[in-house]
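1. How does the following fold in three dimensions:
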Amino acid sequence: MLDRVHGFMLAEGSGSRAKWVLLNFGWLSFAAAFALSLLGVYAIDIATRPEDASGLSSTAHRQLIFVGVGIVVAGIVCVPHYRLIGFLRWPLALLTIGLLIFLLLPFIPSSIVTPRNGTRGWIDLGPMDFQPSEVAKVVFVIMLAWHMRYRRSHRKFLGLVGPGLIAFVPIGLIMLQPDFGTAMMIVPALGAIVIAAGAKLRHIAVIALVAALAAPASYPFLKPYQKERVVGLIRQIQGSQEGADDINYQSYTAQKVMGSGLAKGNADDHARALIRYNRLPEAHNDMVYSVLVTRFGFWGGVGILGIYLAWLLGALGVAAVCADPFGRLLAVGLAALIAAQTIVNVGMNVGLVPIVGITLPFLSYGGSSIVAVWLTTGLVLGVGLRRSSQSYRPSFEYAEGDAQPVLSNVRTRPSP
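-> Sure thing, here's the model as predicted:
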């Protein structure tokens, strides 16, 4: 088996020619992830610690354990060559799809798959609940990055059907749970990978325009609570206070406590009291950004977004210096996942997008979420640690208006 993997890696143009690069942009993503995770534990403690208690709350303590597990997972995946992950893509994909189907089976007892707010998205493992859709997003990026690494068909409009079909499987299964928010997080990663692989922007623009025009037609098919969220967002945009005590309560409360932070924030005990007595729903989860802005103020919120920017710059820096097309697309796709989830969650907190149950990477409470984003960080670091000096096949670099790959930087395998 090891001989087969080794031969496979050599045939792909890396293997022995990939050298270790200890000083790389991936460490910037790792450092940002570590800083955000510690901030998340602190914010969860603010949101969940009883008034008369001392030390970390039980919820924050569990999150600290999850962070430790996530760091271990990141260490495990960054040590082997990242192409091994590509080699294992089909077993990973089949396992993930199997778990997503398992969630939908009606005869599975509720003690194993317990619906939450009408969504069958978690498997009860005892000490923690496992959410397969969090891992499915990462596996999708691996599958698509491998699929696109040497292709040129996506330079034509109909050639985008293939990547779309790859995305359709996890999106469809996650929407059946139903979990519309998580399913839609796959779309930005799909777009980022096909663009980075050389898809023409005018083709992407046409697809985006058609999707935007078709979006209103999907409204009648939404569930009642989803329609209420859309209507609630429209009311907020219009400046109406209608719904402030029901459908828009979570959003208005989040904005109110954030506003109390002003420029520089509140003292620790005052911030805890504001979160506690305003009864901010999901303060330790979806609304954790509001907690931190209440504590550290507007400039603190800007600083947190700066740490996310550092994570993204680290991932994109890894992509920029990687000569291997799979490594580059993998880093770009993972960066798009983190960026999209961060933008949507912060938008939820400030009232710019509906509340769709999207967690904030590294900060929100949840074992599956924290392990998945640390898995993402480990993969980015793994790409950065191994840099191929050359590529033996034309990848996805194209001259403007040309459907053929640019070959000027492609070297041939030396004679034995």
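
2. list the buried ones in the longest helix along the chain?
-> When the chain is parsed with DSSP state H, its longest helix is helix 288-321. Neighbour-count burial for helix 288-321 flags 288-297, 300-301, 304, 307-308, 310-319 (criterion: 16 or more other Cβ atoms under 10 Å). Using the backbone N, CA and C atoms, a C-beta is placed for each residue, glycine as well.

3. With stretch 367-387 instead?
-> Under 16+ other Cβ under 10 Å, the buried positions of stretch 367-387 are 367-387.

4. Pull out the buried residues from stretch 336-353.
-> So, applying 16+ other Cβ under 10 Å, buried residues of stretch 336-353: 336-349, 351, 353.

5. Report how many residues lie close to residue 234.
-> By other Cβ atoms under 10 Å, the residues close to residue 234 number 12.

6. Now it: which helix or strand?
-> helix 224-238 (DSSP states H and E).

7. who's in contact with stretch 285-304?
-> The contact list for stretch 285-304, computed with Cβ atoms under 8 Å, 6 or more residues apart in numbering, reads 36, 39-40, 43-44, 46-47, 250, 254-255, 257-258, 260-266, 268, 271, 274-275, 280-281, 283-284, 345-346, 348-349, 355, 357-360, 363-366.

8. hang on, the earlier thing: the longest helix of the chain: what's the following helix or strand?
-> With DSSP H and E setting the assignment, the helix or strand that follows helix 288-321 is helix 325-350.

9. what angle sits between that following helix and helix 288-321?
-> 160 degrees (axes from the mean of the first three to the mean of the last three Cα atoms, to 10 degrees).

10. Could you confirm residue 85 falls within a helix?
-> Yes - Residue 85: assigned to a helix according to DSSP: H, G, I helix; E, B strand; the rest coil.

11. How many neighbouring residues does it have?
-> 22.

12. Format the CA atom coordinates belonging to stretch 46-56 as PDB.
-> C-alpha atoms of stretch 46-56 as PDB (Å, rounded to 0.1, in the frame of the first residue of the first chain):
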ATOM      1  CA  ILE A  46     -18.900  35.500  29.500                       C
ATOM      2  CA  ALA A  47     -22.100  34.200  27.900                       C
ATOM      3  CA  THR A  48     -22.600  31.100  30.100                       C
ATOM      4  CA  ARG A  49     -20.900  31.500  33.500                       C
ATOM      5  CA  PRO A  50     -23.500  31.900  36.300                       C
ATOM      6  CA  GLU A  51     -23.400  35.200  38.200                       C
ATOM      7  CA  ASP A  52     -22.200  33.600  41.500                       C
ATOM      8  CA  ALA A  53     -19.700  31.200  40.000                       C
ATOM      9  CA  SER A  54     -15.900  31.400  39.600                       C
ATOM     10  CA  GLY A  55     -13.500  29.900  37.100                       C
ATOM     11  CA  LEU A  56     -14.500  28.800  33.600                       C
END
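
13. who are the neighbours in contact with residue 229?
-> Contacts of residue 229 by Cβ under 8 Å, 6+ apart are 247, 354, 355, 356.

14. Select, from those, the two members most distant in space.
-> Across the contacts of residue 229, the longest distance by Cβ to Cβ is 13.3 Å; it joins 247 and 356.

15. Tell me which of those two has more neighbours.
-> Shown here are residue 247 and residue 356; by other Cβ under 10 Å, residue 247 has more neighbours (21 against 18).

16. Any stretches of the stretch 151-300 of the chain with poor pLDDT?
-> Within the stretch 151-300 of the chain, the stretches with pLDDT under 70 are 219, 221-222, 225-226, 238-246.
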